[in-house]
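Visitor: need coordinates for the following:
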Amino acid sequence: MDDSVLLRFLNNGLINVGGEDTKLEKLSQAAQDLANALKKTPSKALRFSLIAFDPEAPESDPVVVEALAALQARWTTYRNTFSSTPIAVIRAILLDALMTAAGDDDRVGVCFVASARNALPLLRADNERGIWVDVVARIEAQVDIRAEAEWTTPASISVAPMSYVPPQIEAPSVTAATTERTKLEQRMRAAAGPQTHDPQRGQNFATGGNQHWPQQNQHWVHEFGRLSADAIADTLDAVVAEIEITQPDLAAPFNQLAKSVSTYVDDTLKAVSVATAGLQRRTNLLWWKEAFFSTSARKSYRELPVTVAAAHMALDLFNEVPLFSPASVTALLSEAVLRLPGTEHGNDRSIRDLVAEAQDEASLAPLRSEAANLVGAPEGRGPLLALIGHSDHAKARAEEAFQIVTGVPADARLNPVAWATWIFRELQASKAASDASPQKRRAKKS
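Guide: All right, here's what the predicted structure looks like:
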């Protein structure tokens, strides 16, 4: 426990358990219970994070209520130690749970890091900042390892040789025919002369063939050649016609070979596609940055008001990259926003004004649609996207509810770069939470 978040909170004087190790152990057990709940339902990570960041988190928030229930399950008499609801303790065990769960599920890490990068600049408790910076850096490094691995293009691509076992094919079978010798003999005698002798009967018979005898020279030779050639040719034709050759059925073996080749080529192309995916992503991002064209607004970013363009940039980049993306992607977004006309003057605006613009600007309808798909209506602590995606909800525009449902002071101000990165991170965090929902995971398994 020497490196635990709880112990660091205790050592910094942020929580007080009266110097009793048993009470600290109960806090640790409650944090582990919440970590187990996160592992079963990683989609809770976003709301857990937003409460953990906020020293002024409302006691009635569902996450606070859930954390208190986990604490009471391990420490029935905790109320005797704390005079009021121990928000600092709740935040500490939530952070400890998030860190534990992120070690087993990178989606929890994405939710936490993306939300933390937005919240840390607004964190008012300076005595906690060192703990948060360290935890965020550790989880971000872990997530970046996976992201960099998915984005890396290898120097070479290794493809296994094709595996194919040729089937056993039967040899062709030949059924031979035989010559009718008696018939051939009769015809050869007929070719030899007008008569033949049958020794068994002791008499001569007319052959019905050659009308000449050998002594007649040219006449006999001519007739003998013609008749004998016909006899031999007809016999050979009859023999050849009766020969039967049975060919083996090659359809099945060739079909199997074709399937094996097709599968091998398909697997090879997939291997190449996976290996070069990182390069393709980087190429697409460079094209996006240089073209400076918004696919969501269908016009150049330069034709849009600067904060509207910044919001479109965040959405367009979100649609270009996968969930696990290296930190350099956010840096690319920042550099792209800095190219917008007017950013050199800062143009800070209150976060509440920026949210109102996102709720009402006609061209940002795609952002509102994406936000509504990823995040539910405002209920308890949630991201700004909940207000943007559900602008008709009663709490979406209420000034007094703004900080309660977002944890962000209504008067906090952001420049266009910070606004774009804020939206991009919330989109990434919300997607991680959405992909981790039980319904989505069951759908993927089926």
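
Visitor: show me how the record splits this structure into domains.
Guide: 5-151, 173-246, 276-445 (automatic domain parsing).

Visitor: lowest-confidence stretch among those?
Guide: Note on these: lowest mean pLDDT is at domain 173-246, with a mean of 75.

Visitor: save the domains of the chain as a markdown table, and put in mean neighbour count and distance to Val165 too.
Guide: Glycine gets a C-beta too; all of them are placed from N, C-alpha and C. Converted to a markdown table, these look like this (neighbours: other CB atoms under 10 Å; distance: least, CB to CB, whole Å):
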| stretch | mean neighbour count | distance to Val165 |
| --- | --- | --- |
| domain 5-151 | 19 | 35 |
| domain 173-246 | 13 | 24 |
| domain 276-445 | 18 | 31 |
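
Visitor: ok, Val408 touching Ala386?
Guide: No - look at Val408 against Ala386 with CB atoms under 8 Å: they stay out of range, at 11.8 Å.

Visitor: show the end-to-end separation of stretch 363-382, please.
Guide: Terminal residues of stretch 363-382 are spaced 24 Å apart (CA to CA, to the nearest Å).

Visitor: circling back to that earlier point, could the domains of the chain go into TSV alongside distance to Thr263?
Guide: Shown next, in TSV, are the domains of the chain (distance: least, CB to CB, whole Å):
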stretch	distance to Thr263
domain 5-151	25
domain 173-246	32
domain 276-445	21
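
Visitor: Ala160: which of those is closest?
Guide: When these are compared by CB to CB, domain 276-445 sits nearest Ala160, at 18.0 Å.

Visitor: please name the residues that touch Gln403.
Guide: By CB atoms under 8 Å, 6 or more residues apart in numbering, the contact set of Gln403 is 56, 409-410.

Visitor: that one: what secondary structure?
Guide: Secondary structure state of Gln403, per DSSP: H, G, I helix; E, B strand; the rest coil, is helix.

Visitor: how about the strands in the stretch 251-400 of the chain?
Guide: Secondary structure of the stretch 251-400 of the chain, counting by DSSP state E, counting those that start in this stretch: strands at 293-294, 299-300, 349-350.

Visitor: packing partners for the second one?
Guide: This points to strand 299-300. In terms of contacts (3 or more CB pairs under 8 Å, 6 or more residues apart in numbering; DSSP states H and E), strand 299-300 is packed against strand 293-294.

Visitor: and the strand it packs on, what other elements does it pack with?
Guide: Helices and strands touching strand 293-294, by 3+ CB pairs under 8 Å, 6+ apart, are strand 299-300, helix 306-320.

Visitor: and which of the contacts of Gln403 is nearest to Pro378?
Guide: Relative to Pro378, the closest of the contacts of Gln403 is Ala410; by CB to CB it sits at 14.2 Å.

Visitor: surely that closest one is in a strand?
Guide: No - Ala410: not assigned to a strand; according to three-state DSSP it is coil.

Visitor: surely it touches Arg352?
Guide: Yes - between Ala410 and Arg352 there is a contact at 4.5 Å, judged by CB under 8 Å.

Visitor: related to what we said a few turns ago, of all the helices and strands packed on strand 293-294, which one is nearest Ala252?
Guide: The minimum distance between Ala252 and these falls on helix 306-320, with 46.7 Å, by CB to CB.

Visitor: check which helices and strands the closest one sits against.
Guide: Looks like helix 306-320 contacts helix 277-291, strand 293-294, helix 328-337, helix 351-360, helix 365-374, helix 416-435 (3+ CB pairs under 8 Å, 6+ apart).
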